Structures are given as C-alpha cells and as structure tokens.
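Peer 1: Fold the stuff below for me.
(2 chains)
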Number of protein chains: 2
Amino acid sequence: MQEKKGDLLQWHSEAENAFLPHISLDCVIFGFHDGVLKILLLKMKGLDQLSLPGGFMRREETLEAAAIRTLKERTGLENIFLQQYHVFSDPGRGDPVGIDGRDEPGGRLEALRKLGMHPAKLEWFGQRFISVGFYALVEFSRVEPKPDILSETCQWYGLEEHGTLVLDHDLILSTALSTLRMQLNHQPIGYNLLPRKFTMPELQKLYETILGKKLDRRNFQRKMLSYGILHVLDEKRTGVAHKAPYLYSFQLRNYQKALRSGLEAGW
Amino acid sequence: MQEKKGDLLQWHSEAENAFLPHISLDCVIFGFHDGVLKILLLKMKGLDQLSLPGGFMRREETLEAAAIRTLKERTGLENIFLQQYHVFSDPGRGDPVGIDGRDEPGGRLEALRKLGMHPAKLEWFGQRFISVGFYALVEFSRVEPKPDILSETCQWYGLEEHGTLVLDHDLILSTALSTLRMQLNHQPIGYNLLPRKFTMPELQKLYETILGKKLDRRNFQRKMLSYGILHVLDEKRTGVAHKAPYLYSFQLRNYQKALRSGLEAGW
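Peer 2: The predicted structure follows:
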C-alpha cells in the first residue's frame, strides 16, 4: 500500500500540468461471455461501491486518444472498438461535499484521504468535472484486467451483479446500454463482442441481452441470414451436450456496408 | 460599432469568472422551409466565413442548460428540441496561430482584434476548447434570428449555400447531419421540424433531404401511414396550383411510443 500511496501522490502532483481541468472520461467496457453481457469495473481501496474505469485528457491529446490510452491501461488491448456517446455534466454529479466544504463520509474523497491524501492535496479530485462517456466493445477472452492507481481490483461483472456504482456511474452505464440498443443496427456490435467464430444461438443471445427481450429463434436466424453478412463455416462447435451447432463468422465487408445504411432501415 | 466593442470588452472581462475554461458548445439549428433544410449561421464582423451559433458553459449549469440559453438568445425560442451528439476535441481545431504565438491573418482572432480586442485581452478566445455539438430542430416560421456579441448577422442558409465555415464547423455540421440520418427512426424529427399541419409531400421531402436520396412516393406514403403515427385532417392545403393535398398532423403519443422501439426495428 505504501508504494501505491507514493505513486498516487506523485501522480497527483503532476495531474494539473498534464491534464485539462474540469474534463474527465468514463468508459463502459462491454464483453460477452457464456451468454452474459459483462462490464469491467474497478473497486477503490476503502470504498464499497464499484466504479467505471475512467481517466483524464492530456493537454495535447484528443478525447479519443485519452480513451484509447485509458482502455489500454485497463485491458492491455489496443485497437478496441470505442464510441463516445454522451457528456454527463450535472453540477451535482461529483462527490458529495458537506456544507463546511469537507467531503461527506463514504465518498471517494474520504477514500482518497484514507489512501494518505491530505485535504490540501485533493484539489484535483475536488474540482467540478464534466465527463465524456465512451462505450467499448471487446472480445472477452483477450482482456487482461488491470486496476488503476486508485483501485485494488479490476474485474468483470454481470449487469445484475454489481450493485449501485459510485457518483453518477449508474446513469453513465444505463445511457451506454440504451445507446447500444439504438445503434445495434448501425454499429458492428456483434463483430466486436463475439469471438471470430460463433454459433447462431450465441449471436441471438447477444441480441437478446442488448435488446432486453426474448427473440424468436427461427425469425432471428432467417433475418440474420437474409442480410448476407454471415459466413457459415465448414465446422461445428464440438464438446457440447446437444446437437452440434454450426459455426459462423462475419463477412466484414458486407457487414460494414450494410451498417452504413442501417441493417433494418427500409427507406 | 463602438457600443458593441464596449459590450465585448465587458463580456470578455467577465468570461473567466462566469464560464468553465476549455469547454464550449456549438449548435446546429435546423429549420425546414419551402422543401429545403436550412441552418442558422452567424457572420462575424471582419470575417468572410460563417460560423455556427455557439457559447460557453456557466460554472454552475449543465451543458444542456448552456445550450438552451444559447438557443434562446439566437432564436428567441424556448422549449426547443435539442440533442448533444458529439464532442469535437482535436487540439488543432482552434484558430490558426503562427509560430511566434500571434494569430494568422484571416482568422477569428484577427477579426477580434479588429473589433478592438488587444492581444492581451484575447486570452479567453486563445485557449484550447473542446466543443460539444448540439443539434436543434425548430419550426422555421417561429424563429427570430438574432446575432451574438461577436457577429453582425444571424441568418438562415441552405445546406449548399454557405461556403466553408470557420474552424472545424464544417465537420460539426456534417456530423450533425449524419447523426440526424441515423436517428431519423428514433427521434421525433418530423414533429419538430414541420409545422403542426403538413402535407405528405412535405414530409417526404424532409425525409429525402435528411437521407440525401429520392424516395418512391407510394412506398413512402404506405409506410408512413402503416406506423399509425399520422392523423389525416379534414382539410386540404389551399392556394396550390395542383390538386389540393390532404393535411396531416402527428399523433404525438403514438409517435413517441413508436420511436422508443425504433420506427423500422423489426426485432
């Protein structure tokens, strides 16, 4: 812990010069595993609630570069599919601060203090931030989660199993989900979340998870195949209990082309 | 002009206390008139290029409140439909500044100087801004355009008739258009751009403009009526040369309900 405290003080002393003030970013990192949509969350030392991975913007970089940097630090991956989708700017979205200007118990500021940050050194975290939300779609199996300097763990959680998140991170997450739902026909969501080879039931499960409803198996298959974006492979999934299902992969060029006009848009 | 210069100096002296640094917003205000999609643009004194209406964020307000305030100042309207859609954060998006730190000819900083702002007073405009793009949909006839403190005119322009805009405003505009296209089935775009009563050809023209392509008249009408979101009125458009077309209005409740699942989404 002592080492982390030293790192954190060092980091904080450089933050003001390194980053633009008032602007942060938060990343909702989606992965799909065993038929479940998961997100990557951090647990900060001394805090019960979990938080989304986030970061700040260097004075000479774009928001996208800041998000790519943050994602690489948390997942080990480069070339991740990511999209900014909303800016969260409620003046009350920060840590609760009491009327005497001191932070209230149970908040991130108090946890920071437990990490050895003196009040006078909390300036960076005490300012108002507007936060740009990014969602990222990653192939679950390729991620090697790594905590940030404030956190002790970085792990995958199902959407139902993480409890209330810190600050306004529940809103940031739910907005990411509704954006994903709206963009399902316009972004290569399946391509980025699934492994290269997948079965039709796996693809359907992904759609059902994002849309939040059951879909008819035959209709789904008929519709998906009608787009001409799938390639049926000459292999089947082995080692499963029931009838071995066919494996598919995306025909990326056709998929990209279809997305440009929208998979469903009939105009 | 002298009066404006005084106002501008006064405004500038208060800017740093009033607004968060580094964060601006730009508004693409769409109106639909005579079958043409138009946008509201400003012309700054001493500058040939036009610019989108923009503004800054007060230290205690949300981005949305800042956008509503800006839109009210430019259009006279409240309760405008608006959506933030993208943050533009390229470090090179600002005014061109020469290697000696002086702004280059033809830019906004030079124009500001012509307005009587001395270099030392340009600090606010000289900083790096990331800008949050909002698009707004307004009923053309209700708008009373009004220039801002830097501008001499505020007027409607067709999408083909405004030339190159200042800074990265061409990108901000084209991104707004592609967002509008993607959201056509998910946002009440027709409702906000058209007058309360409209004809089917007017609605079709709006869709054609946003999608950038011709649509088949019969298919369009059949599809639009199939959604159950239109109300055919017991009146016809009078004073037109050809056969008088029926007037329609939106059944707002059905429209909103249909948009929630997406007008085209068949899942």
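
Peer 1: Now do the helix or strand harbouring A:L112: which elements does it pack against?
Peer 2: According to DSSP states H and E, A:L112 maps onto helix A:108-114. Judged by 3 or more CB pairs under 8 Å, 6 or more residues apart in numbering or on different chains; DSSP states H and E, helix A:108-114 is in contact with helix A:123-126. For glycine as for every other residue, the C-beta is placed from the backbone atoms N, C-alpha and C.

Peer 1: near chain B, which residues of chain A show up?
Peer 2: With the criterion set to CB under 8 Å from any CB of the partner chain, chain A comes near chain B through A:20-23, A:57, A:59-64, A:84, A:86-87, A:89-91, A:128, A:130, A:132, A:182-183, A:185-186, A:207, A:211, A:215, A:223, A:262, A:264-267.

Peer 1: hmm, 7 Å instead?
Peer 2: Applying CB under 7 Å from any CB of the partner chain, we find that chain A lies next to chain B at A:20-23, A:60, A:62-63, A:84, A:86-87, A:89-91, A:130, A:132, A:182, A:185-186, A:207, A:211, A:215, A:264-267.

Peer 1: Among the residues you listed, which ones are in helices?
Peer 2: Among the residues of chain A next to chain B, the ones falling in helices (DSSP state H) are A:L63, A:M182, A:Y207, A:L211.

Peer 1: Can you give me the pLDDT of the last one?
Peer 2: Per-residue confidence (pLDDT) for A:L211: 88.

Peer 1: quick one, what contacts A:F129?
Peer 2: By CB atoms under 7 Å, 6 or more residues apart in numbering or on different chains, the residues touching A:F129 are A:H22, A:I23, A:S24, A:G94.

Peer 1: mind running it again at 8 Å?
Peer 2: A:F129 makes contact with A:H22, A:I23, A:S24, A:R93, A:G94, according to CB atoms under 8 Å, 6 or more residues apart in numbering or on different chains.

Peer 1: circling back to that earlier point, which among the residues of chain A next to chain B end up buried?
Peer 2: A:20-23, A:62-63, A:84, A:86-87, A:89-90, A:130, A:132, A:182, A:185-186, A:207, A:264-265, A:267 (16 or more other CB atoms under 10 Å in any protein chain shown).

Peer 1: can you give me the offset of the lowest-mean-pLDDT helix or strand in chain A from its chain's centre?
Peer 2: In chain A, no helix or strand scores lower on mean pLDDT, DSSP states H and E than helix A:108-114, which sits at a mean of 76. Its chain's C-alpha centre and that of helix A:108-114 lie 24 Å apart, by CA atoms, centre = their mean, to the nearest Å.

Peer 1: got the buried residues for it?
Peer 2: By 16+ other CB under 10 Å, the buried positions in helix A:108-114 come out as A:R108, A:L109, A:E110, A:A111, A:L112, A:R113.

Peer 1: For the fifth one, give its distance to A:E123.
Peer 2: It stands for A:L112. In this structure, A:L112 and A:E123 are 11 Å apart, going by CB to CB, to the nearest Å.

Peer 1: Quick one: the helices in the stretch 1-150 of chain A, in order.
Peer 2: A:2-18, A:63-75, A:108-114, A:123-126 (DSSP state H, counting those that start in this stretch).

Peer 1: which one of the ones you listed lies closest to A:V232?
Peer 2: helix A:63-75 (30.7 Å; CB to CB).

Peer 1: May I have the longest strand along chain A as PDB, with CA atoms only?
Peer 2: Counting by DSSP state E, the longest strand found in chain A is strand A:19-33. The C-alpha trace of strand A:19-33 is given here as PDB (Å, rounded to 0.1, in the frame of the first residue of the first chain):
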ATOM      1  CA  PHE A  19      -4.400  17.300 -17.900                       C
ATOM      2  CA  LEU A  20      -7.100  19.700 -18.900                       C
ATOM      3  CA  PRO A  21      -9.100  20.700 -15.900                       C
ATOM      4  CA  HIS A  22     -12.800  20.000 -15.500                       C
ATOM      5  CA  ILE A  23     -12.900  17.300 -18.200                       C
ATOM      6  CA  SER A  24     -12.900  13.600 -17.500                       C
ATOM      7  CA  LEU A  25     -13.900  10.500 -19.300                       C
ATOM      8  CA  ASP A  26     -15.600   7.300 -18.200                       C
ATOM      9  CA  CYS A  27     -15.500   4.000 -20.100                       C
ATOM     10  CA  VAL A  28     -18.200   1.300 -20.200                       C
ATOM     11  CA  ILE A  29     -16.300  -1.700 -21.400                       C
ATOM     12  CA  PHE A  30     -18.600  -4.400 -22.600                       C
ATOM     13  CA  GLY A  31     -17.500  -8.100 -23.000                       C
ATOM     14  CA  PHE A  32     -19.700 -11.100 -23.800                       C
ATOM     15  CA  HIS A  33     -19.000 -14.400 -22.000                       C
END
